[in-house]
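S.K.: What shape does this take:
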Amino acid sequence: MIAPEKFFSGIGKRLKASEVRELLKWVKRGGIISFGGGMPDPKTFPVEEMKEIFSDIFSDRKLGEEALQYGTTEGYNPLRETILKMLRKSGFKILEDIENIVITTGSQQALDLIAKVFIDPGDVVIVEAPTYLAALNAFSYFQPNFEVVPLDKDGMRVDLLEEKLESLRKEGKRVKFIYTVPTAQNPAGTTMPNDRRKKLVDLAYEYDTIIVEDNPYGYLIFDDRVKFDYLGAFDDEGRVIYMSSFSKILSPGFRLGFIAGHREFIRKLILAKQAADLCTPSLTQMAANEFLKRGYLERHVEKIKKVYKEKKEAMIKALETYMPEGSDWTNPVGGMFIWVTVEGVDTTDMARRALERGVAYVHGRAFYPENAKELGKNAMRLNFSYPTIEQIEEGIKRLSEVVKEFRGH
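M.R.: Down below sits the predicted model:
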């Protein structure tokens, strides 16, 4: 019999299942209220607008042929132009033209390409604690040394980041990049104010490093009083690599994301993408561009924000009603997630009990690198965008009962 293990590469041997992907297998069995995945509410998908747009594309023979043909690796130029205008409007300073932008097959490909282009084994990568688990997965295959910086209610503690950077410099270690989700952070739901954003960019200058700003939730801010600029608005040198996605504001099924940054960074990312998938589907790029050009995005985003705000408020109310003393949680101004901590409970051990009671979440350890996983032992991420309001109340009620039972175990 063949021994498959001996044929795998180092990366092949390190491949492991995503915590969320494995959780979804349970959810698909039915009967489970899921707070686990990061799925948008499908009832918000712009089905009618897409019927119109796809009909228009295929009513024009030339457009239809272009939509079904291979595209360029860097992406559909009209979409790149539209994104360029959006980012310039948001105050990005270094963007000259579409050569500063590459379209990716979802933001997960963006993370993978960034890892391939920038990380060598042993490089120091700084991440928030907690941070986006799929970023950890993408980066980990290239064997960086992760350093973590804690969050508070305003996101990454840049004072502690400065201490970390200074300590690493004294040790003779150079930081390859800082990865941050500063807006409606996944998993914690925190949003960084502008003074911290500016300080973060200033620290990148001072310590000669770069920043990867991951921003899938910037359009999903419920509170109009919350104002912020993207990190690129404070960056005159091209040290911010910005990435975002259409998954949360249009449809995850489109598998569309993009990266914007210094031309030389983008050039290398395009070369890496050539070997990954040749090109992102032309059809979805054309449809997304039409959606933006026709002015549908603003109206659509307002609809999503209204739905998600109601669901977030329902979850906060349920947490206040049912969760026992010793529990705490964030109250995000946008996005899709609430971060809950529970004293005296190991949420990894409790996860299977919760599934048996018909409720799913992602335990806190999943959002920390290997050298810091114990920091998440009492935490869990709850998603409020996918379940109904009725499911939210029932699910939190079940979860609170499991917490009480587990504490008594």
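S.K.: hey, where'd the strands end up in the stretch 201-350 of the chain?
M.R.: With strands called from DSSP state E, counting those that start in this stretch, the stretch 201-350 of the chain shows them at 210-214, 240-245, 257-260, 327-329, 337-342.
S.K.: domains in the chain, as residue ranges please.
M.R.: Using automatic domain parsing, the domain ranges for the chain come out as 4-44+299-408, 49-296.
S.K.: Mean neighbour count and mean pLDDT added to the ones you listed, as TSV?
M.R.: Every residue, glycine included, has its C-beta placed from N, CA and C. Compiled in TSV, the domains of the chain are given as follows (neighbours: other C-beta atoms under 10 Å; pLDDT from 0 to 100):
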stretch	mean neighbour count	mean pLDDT
domain 4-44+299-408	18	91
domain 49-296	19	96
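S.K.: can you list the strands of the stretch 201-350 of the chain in a markdown table and add distance to residue 63?
M.R.: Converted to a markdown table, the strands of the stretch 201-350 of the chain look like this (distance: least, C-beta to C-beta, whole Å):
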| stretch | distance to residue 63 |
| --- | --- |
| strand 210-214 | 32 |
| strand 240-245 | 25 |
| strand 257-260 | 22 |
| strand 327-329 | 48 |
| strand 337-342 | 38 |
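S.K.: Quick one: closest of those to residue 99.
M.R.: Nearest to residue 99 among the strands of the stretch 201-350 of the chain is strand 257-260 (10.5 Å), distances taken as C-beta to C-beta.
S.K.: if we can go back for a sec, who wins for proximity to residue 41 among the strands of the stretch 201-350 of the chain?
M.R.: Of all the strands of the stretch 201-350 of the chain, it is strand 337-342 that lies closest to residue 41, at 13.7 Å by C-beta to C-beta.
S.K.: Note down every partner strand of the closest one and its orientation.
M.R.: strand 327-329 (antiparallel), strand 379-383 (antiparallel) (DSSP bridges).
S.K.: To residue 354, which of these lies closest?
M.R.: Here strand 379-383 is closest among the strands paired with strand 337-342 (C-beta to C-beta), at 8.8 Å.
S.K.: could you dump the closest one to CSV, C-alpha only?
M.R.: Extracted C-alpha coordinates of strand 379-383, given in CSV (Å, rounded to 0.1, in the frame of the first residue of the first chain):
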residue,chain,number,x,y,z
ALA,A,379,-13.8,33.5,24.3
MET,A,380,-16.0,32.8,21.3
ARG,A,381,-17.0,34.6,18.1
LEU,A,382,-20.7,35.0,17.4
ASN,A,383,-22.0,35.9,14.0
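S.K.: now it: how far from the chain's centre is it?
M.R.: 14 Å (C-alpha atoms, centre = their mean, to the nearest Å).
S.K.: And the contacts of it?
M.R.: When contacts are defined by C-beta atoms under 8 Å, 6 or more residues apart in numbering, strand 379-383 is touched by residues 34-39, 130, 186-187, 315, 336-342, 347, 361-364, 366-367.
S.K.: and with 6 Å instead?
M.R.: Contact partners of strand 379-383, identified using C-beta atoms under 6 Å, 6 or more residues apart in numbering, comprise 35, 38, 187, 336-341, 347, 361-364.
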